[in-house]
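S.K.: need a structure here:
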Amino acid sequence: MKNALLALALVLLTNRSAILVAQTVKPRRAVSKTNVRVELITDRRGAPLAAQRWARIFQRFRVPLRVRRELGSERTSVEEQTTGSLRRVTVIGRLERSGRILVAGKTFSPANSTALGKWLEGLRTFGARGDPKGQPAFGLSQGQFQELFETLAQPVKADLSGKPLSEAIRSLQIPSSYPLQLGPVTDKTTSKVPPRTNGYGLSRGSTLAAILSAAGLAFHPRRTPTGRVELVIGARDAATRSWPLGWPPRLTRLKTAPSLFKIVPVNLDKSPLLEVIDAIAVKTEVPMLIDHRAIGTSRLKLNSLTATVPAKKTSWFQLQKTITNPHHLTRDLRIDESGKPFVLVTVIQPKRARLD
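M.R.: Reported below is the predicted structural model:
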């Protein structure tokens with residue numbers, strides 16, 4: 001299945017208003033209250049002093065605590081049950097004689113009780129999976145991430161060039177089960193999608209990332225406190241993980257895009273670079289997209305760039321490098337969510353000097 005959903009997306013890679021698409025979403029009954037309770041299990045000898053200390057800490061957090069001996073070979077867990085609008089989260093942790101608490105892959109000691117309080121607050125707000133910030137796969141469960149990935153893997157069979165961004169997003173026909181939320185960047189939705197931003201047949205996910213990137217925007221999935229998944233669009237922010245514009249190939253370059261490695265005769269004399277790029281894309285049937293955001297910051301004028309290559313035989317892939325590198329550009333082979341290859345033409349990033 002799409003290379004196991006690209007190995008589950010390479011081992012699982014967060015005032016919202018102005019919904020871009022008029023959507024009818026079947027409402028999920030909102031959780032109005034979440035109760036969190038904690039049970040700490042000990043070995044047969046118990047940990048009475050540590051239990052007393054933690055009892056005072058949990059009382060401060062207003063979370064019920066029960067300390068008891070373990071029954072058989074119990075494991076730590078965090079589970080939730082929802083009845084109507086009431087959600088109950090039950091935490092089973094282990095209290096060691098040293099005073100540490102072990103639960104759900106986390107460790108807390110009385111000295112870092114503040115961290116415990118933040119974690120408990122995340123459970124109270126978001127349920128058993130906790131605050132999605134900083135979690136793998138954007139804080140989604142494996143099932144949620146797989147369903148979203150499959151939805152975003154569907155192809156887009158339209159050229160979005162020249163369309164206002166808001167119209168281009170509607171053209172993707174993202175299901176209403178994933179509402180699109182727009183942050184305070186509404187002024188950018190009227191900008192036109194520049195040419196060579198999306199390729200015919202590329203997936204919804206990579207296409208959405210590409211057309212947003214051209215406007216200096218990005219998107220990421222977010223799990224709401226009710227457990228619903230929405231797609232949040234906003235300004236690119238290095239501190240916020242965004243859905244990537246394509247993924248690294250899992251196979252070799254030759255197996256990923258065999259047509260790029262066909263040897264062909266070439267002879268170019270100051271040919272317009274963009275025309276050569278278009279010709280290569282047509283001949284290989286591998287879309288070549290332009291990273292307008294990165295190239296725009298470099299102040300290169302793509303329309304004025306040319307390509308000169310003396311008569312010789314070479315592969316399309318090598319030709320891409322030959323025509324881009326003289327302009328401090330490079331080509332990056334990527335795949336979309338369905339595994340379809342494409343090439344992103346972007347600026348060469350200077351390597352930082354190492355100080356040994």
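S.K.: Now the element after the helix or strand of the chain with the lowest mean pLDDT, going C-ward?
M.R.: Of all helical and strand segments in the chain, the minimum by mean pLDDT, DSSP states H and E falls on helix 2-12, at a mean of 50. Later in the chain than helix 2-12, the nearest helix or strand by DSSP states H and E is strand 33-42.
S.K.: Remind me what that following strand packs against, helices and strands.
M.R.: Of the remaining helices and strands, those touching strand 33-42 by 3 or more CB pairs under 8 Å, 6 or more residues apart in numbering; DSSP states H and E are helix 48-61, strand 65-69, strand 86-95, helix 113-126. C-beta: built from backbone N, CA, C; applies to glycine.
S.K.: How about that strand, which residues are buried there?
M.R.: Within strand 33-42, the residues scored as buried using 16 or more other CB atoms under 10 Å are 34, 36, 38-42.
S.K.: for those residues, which one is nearest residue 100?
M.R.: For these, the minimum distance to residue 100 (CB to CB) is 10.6 Å, reached by residue 40.
S.K.: And the closest one, how far from residue 303?
M.R.: From residue 40 across to residue 303, the span is 67 Å (CB to CB, to the nearest Å).
S.K.: ditto for residue 153
M.R.: 33 Å.
S.K.: of the two, who's got more company?
M.R.: residue 153 (20 against 8; other CB atoms under 10 Å).
S.K.: Which pLDDT value belongs to the nearest residue to that one once chain neighbours are set aside?
M.R.: Leaving aside its sequence neighbours, residue 153 sits nearest to residue 337 (CB to CB, 6 or more residues apart in numbering; 3.7 Å). Here, the pLDDT recorded for residue 337 equals 94.
S.K.: One more: residue 134?
M.R.: For residue 134, the predicted pLDDT is 67.
S.K.: just the one 10 residues further on next, same as before
M.R.: Residue 144 carries a pLDDT value of 86.
S.K.: Quick check on it: phi, psi?
M.R.: Backbone torsions of residue 144, given as degrees, to the nearest 10, read phi -60, psi -40.
S.K.: Surely residue 285 is in contact with residue 259?
M.R.: Yes. Using CB atoms under 8 Å, residue 285 makes contact with residue 259 at a distance of 6.1 Å.
S.K.: List the residue ranges of the stretch 151-300 of the chain that fall below the pLDDT cut-off.
M.R.: Filtered on pLDDT under 70, the stretch 151-300 of the chain yields the residue ranges 185-186, 238-239.
S.K.: now with 80?
M.R.: 183-189, 237-240 (pLDDT under 80).
S.K.: Break down it into its helices, ranges please.
M.R.: Secondary structure of the stretch 151-300 of the chain (DSSP state H, counting those that start in this stretch): helices located at 165-171, 204-214, 253-256, 273-284, 292-297.
S.K.: export the shortest one as CSV, just CAs?
M.R.: In CSV, the C-alpha atoms belonging to helix 253-256 read as follows (Å, rounded to 0.1, in the frame of the first residue of the first chain):
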residue,chain,number,x,y,z
ARG,A,253,17.0,7.3,-7.8
LEU,A,254,17.0,5.0,-10.8
LYS,A,255,14.1,2.9,-9.4
THR,A,256,12.2,6.0,-8.3
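S.K.: Show me which residues of stretch 295-305 are buried.
M.R.: With burial defined by 16+ other CB under 10 Å, the residues of stretch 295-305 counted as buried are 295, 300, 302, 305.
S.K.: any idea how far the first one lies from residue 115?
M.R.: Taking CB to CB as the criterion, residue 295 is separated from residue 115 by 43 Å.
S.K.: next one: phi and psi at residue 176?
M.R.: Main-chain dihedrals, residue 176, degrees, to the nearest 10: phi -70, psi -10.
S.K.: residues in contact with stretch 212-221?
M.R.: Residues outside stretch 212-221 that contact it (CB atoms under 8 Å, 6 or more residues apart in numbering): 14, 138, 140, 145, 148, 165, 178, 180, 185, 188, 191, 193-194, 197, 208-209, 229-237, 240-243, 245, 291-293.
S.K.: Return the members of those classed as buried.
M.R.: Buried, going by 16+ other CB under 10 Å: 14, 138, 140, 145, 148, 165, 178, 180, 185, 188, 191, 193-194, 197, 208-209, 229-234, 241-243, 245, 291-293, out of those.
S.K.: how's the chain carved up into domains?
M.R.: If you go by automatic domain parsing, the domain ranges for the chain are 2-28+136-235, 33-126, 253-347.
S.K.: Figure out how far the first one is from the centre of its chain.
M.R.: When C-alpha coordinates are averaged (CA atoms, centre = their mean, to the nearest Å), domain 2-28+136-235 and its chain have centres 10 Å apart.
S.K.: got it, and the last one?
M.R.: Its chain's average C-alpha position is 26 Å from that of domain 253-347, according to CA atoms, centre = their mean.
S.K.: With stretch 227-244 instead?
M.R.: Taking mean C-alpha positions (CA atoms, centre = their mean), stretch 227-244 and its chain are 7 Å apart.
S.K.: Render the CA-only coordinates of it in CSV, please.
M.R.: The C-alpha trace of stretch 227-244 is given here as CSV (Å, rounded to 0.1, in the frame of the first residue of the first chain):
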residue,chain,number,x,y,z
GLY,A,227,-9.9,14.4,19.0
ARG,A,228,-10.9,15.8,15.6
VAL,A,229,-8.2,16.4,13.0
GLU,A,230,-8.1,19.7,11.1
LEU,A,231,-5.7,21.2,8.7
VAL,A,232,-4.2,24.5,9.9
ILE,A,233,-2.8,27.0,7.3
GLY,A,234,-0.5,29.8,8.4
ALA,A,235,2.7,31.6,7.9
ARG,A,236,5.8,29.4,7.6
ASP,A,237,7.4,29.2,11.0
ALA,A,238,10.6,27.4,11.8
ALA,A,239,9.3,26.5,15.2
THR,A,240,6.2,24.8,13.8
ARG,A,241,6.5,21.5,12.0
SER,A,242,4.8,21.7,8.6
TRP,A,243,3.6,19.1,6.2
PRO,A,244,6.6,18.6,3.8
